[in-house]
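1. here is a sequence with its predicted model. Questions after.
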Amino acid sequence: MKHRITIADLHFLSSSLHPIFFNHQQQSRSITKVRLKWVKNRSLDNIIDIHTDLKAANILKDAIIHRPTQFLTAKSLSDTQKLLGITIPTLRFIRRYPTLFEEFPHPKYASLPCFRLTQIALNLHKLEQKIYEIEEPNIVERLCRVLMMSRNKQLPLRSLHLLRWDLGFPYDYDQVLAGKYGDMFEIVKSSNGLLSSLKLVKWVDEFAVSELQKSNEAEEIGGDSYKRFLRGKSVLEFPLSFPRGYGGQKKVKAWMDEFQKLPYVSPYEDSSKIDPGSELMEKRIVGVLHEFLSLTVYKKTKRNYLRNLTDEYNMPFRFTRIFTRYPGIFYLSLKCKTTSVALKEGYRRGKLVNPCRIAKYRGKFHHVMRTGLIYRKKGLEMLPELDKLVEDDAVGIDGEESSGDEEVESSGEWVEDDDDEDEEFDDASDRD
């Protein structure tokens with residue numbers, strides 16, 4: 001009588017072999033050290049360009065909201081271009097969007113321009129606060145998982161503040177969440193009292209499941225795990241989307257097959273006993289970066305923001321080679337005078353896959369911005385009511401100005417790996 005392999009059998013087989021692979025393969029296996037030629041993705045570059053302006057406008061909006069006077073002067077904006085990450089002077093930038101920012105003379109100094117929020121911008125801010133209230137359980141989980149991946153289960157607030165926009169946290173998330181969820185979070189100060197960190201007080205087992213593991217569980221429910229087992233595929237594999245010119249190469253395919261066969265190390269597992277120079281550690285780092293980007297609103301962030309976390313996440317400081325070696329998983333962008341990294345599986349044909357409520361709200365915000373940019377002050381009269389700006393199930397931002405995943409063709413150059421890959425992408429972002 002033939003015995004049919006079940007999903008339970010696959011789990012048992014995987015759990016039985018994992019310790020063997022964990023202790024042996026990292027020393028005996030030797031994957032070819034390579035990195036592939038960088039290929040530009042116009043669609044993702046365009047999205048990063050849009051989001052850069054969107055983020056800057058939201059920072060200005062929050063700055064105005066939290067000012068006692070409820071306005072900003074032109075003088076106070078003079079040195080903020082670098083802080084906002086934009087490519088034009090801030091005064092010129094804020095005047096681009098009259099649907100969000102209203103210009104008026106200073107009450108005392110008539111020659112000094114000032115800027116306050118328009119009524120529709122105030123309405124958008126109120127909507128944002130409501131969405132944060134609805135999304136609070138997801139925000140708490142996201143913050144827990146970001147801390148759970150770290151070595152000591154805590155991260156410097158300075159590093160987290162830089163990631164606030166990318167992770168979809170509200171303006172004063174640290175004070176609010178630490179006060180409201182004292183059994184889960186704690187703000188601790190360093191020995192010198194100068195630096196503060198956010199510490200995870202309670203470990204939550206149900207959160208220690210990576211997005212890759214969740215997607216694998218969904219495939220098992222759909223019955224795909226048994227088919228993949230018959231094809232000789234490992235239980236957990238990173239989704240790949242190579243630029244044109246790479247996928248068909250035998251060397252690339254063989255290399256990625258070797259990589260996928262290595263055991264998957266969860267980013268929530270202790271990695272202190274893994275050889276730092278082993279292939280297993282490299283795959284573990286790929287898993288950490290994959291998980292972190294999966295937790296962000298737009299499945300992307302700046303490289304330097306990740307660089308601030310290298311010690312806490314047990315990653316090498318010079319980690320850009322991970323992005324250049326795995327172009328099927330990550331995309332490295334040089335748009336807007338900075339270096340950003342995106343998770344390729346997060347986008348399909350120029351649009352964000354499964355956008356959350358925060359992303360949809362930002363789509364409404366961008367619609368207001370774009371209307372002001374195109375129609376100037378007449379845009380205020382053209383805008384419909386707030387609730388009709390964008391339907392709940394539409395995003396209205398990622399695909400508006402892009403025609404799909406359009407990439408520059410490449411021969412898929414095969415380059416031997418070296419230690420200078422970070423220098424190739426050292427640019428203005430190093431001053432962020």
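-> Ah, there it is.

2. spatially nearest residue to Gly85 (excluding sequence neighbours)?
-> Ranked by CB to CB, 6 or more residues apart in numbering and with sequence neighbours excluded, the top spatial neighbour of Gly85 is Thr52, at 5.8 Å. Placement of C-beta: from N, CA and C, glycine included.

3. report pLDDT for that neighbour.
-> pLDDT, the model's per-residue confidence, is 95 for Thr52.

4. so which bits of the helix or strand where it lies are buried?
-> Using DSSP states H and E, the element containing Thr52 is helix 42-65. For helix 42-65, a neighbour-count test (16 or more other CB atoms under 10 Å) marks 42-64 as buried.

5. how near is the residue nearest to Gly85 to Ser278?
-> Thr52 sits 37 Å away from Ser278 when distances are taken as CB to CB, to the nearest Å.

6. let me know the secondary structure of Tyr132.
-> helix (DSSP: H, G, I helix; E, B strand; the rest coil).

7. got any ranges where the chain has weak pLDDT?
-> Residue ranges of the chain with pLDDT under 70: 1-36, 193, 218-235, 245-249, 377-432.

8. surely Leu54 and His366 touch.
-> Yes. With contact defined as CB atoms under 8 Å, Leu54 reaches His366; the gap is 5.3 Å.

9. residues in contact with Phe101?
-> Going by CB atoms under 8 Å, 6 or more residues apart in numbering, Phe101 touches Leu60, Ile64, Ile94, Arg95, Phe115, Arg116, Leu117, Thr118, Ala121.

10. what is the nearest of those to Arg145?
-> Among the contacts of Phe101, Leu60 lies closest to Arg145 (CB to CB), at 29.7 Å.

11. the closest one contacts Ser76, correct?
-> No. At 10.7 Å, Leu60 does not count as touching Ser76 under the criterion of CB under 8 Å.

12. now Ile139: which helix or strand?
-> Secondary structure assigned from DSSP H and E places Ile139 in helix 136-148.

13. any idea how far that helix is from the middle of the chain?
-> Counting by CA atoms, centre = their mean, to the nearest Å, helix 136-148 is centred 14 Å from the centre of its parent chain.

14. spatially nearest residue to Trp165, not counting backbone neighbours?
-> Leaving aside its sequence neighbours, Trp165 sits nearest to Lys55 (CB to CB, 6+ apart; 5.2 Å).

15. distance of Glu217 from Asn123?
-> Counting by CB to CB, the gap from Glu217 to Asn123 is 40 Å.

16. looking at the two, which one has more neighbours?
-> Regarding Glu217 and Asn123, a neighbour count based on other CB atoms under 10 Å identifies Asn123 as having more, with 16 against 13.

17. and the contacts of Phe101, which is closest to Ser241?
-> Leu60 (34.9 Å).

18. tell me how many other residues surround the residue nearest to the closest one when sequence neighbours are not counted.
-> Beyond its immediate neighbours in the sequence, the residue positioned closest to Leu60 (CB to CB, 6+ apart) is Ile94, lying 6.2 Å away. Other residues near Ile94 come to 24 when the count uses other CB under 10 Å.

19. what residues does stretch 81-95 touch?
-> 52-53, 55-56, 59-60, 74, 77-78, 80, 101, 103, 113, 115, 336-338, 431-432.

20. could I get the contacts of Phe101 as a markdown table with distance to Gln213?
-> Conversion of the contacts of Phe101 to a markdown table gives the following (distance: CB to CB, whole Å):
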| residue | distance to Gln213 |
| --- | --- |
| Leu60 | 39 |
| Ile64 | 42 |
| Ile94 | 44 |
| Arg95 | 48 |
| Phe115 | 47 |
| Arg116 | 47 |
| Leu117 | 43 |
| Thr118 | 45 |
| Ala121 | 41 |
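
21. among these, which lie within helices?
-> Using DSSP state H, the members of these that fall in helices are Leu60, Ile64, Ile94, Arg95, Ala121.

22. quick one: the fourth one from Ser150, how far?
-> It refers to Arg95. 41 Å.

23. who has more neighbours, the two?
-> Shown here are Arg95 and Ser150; by other CB under 10 Å, Ser150 has more neighbours (20 against 16).

24. the more buried one belongs to a strand?
-> No. Counting by three-state DSSP, Ser150 is located in no strand; its state is coil.
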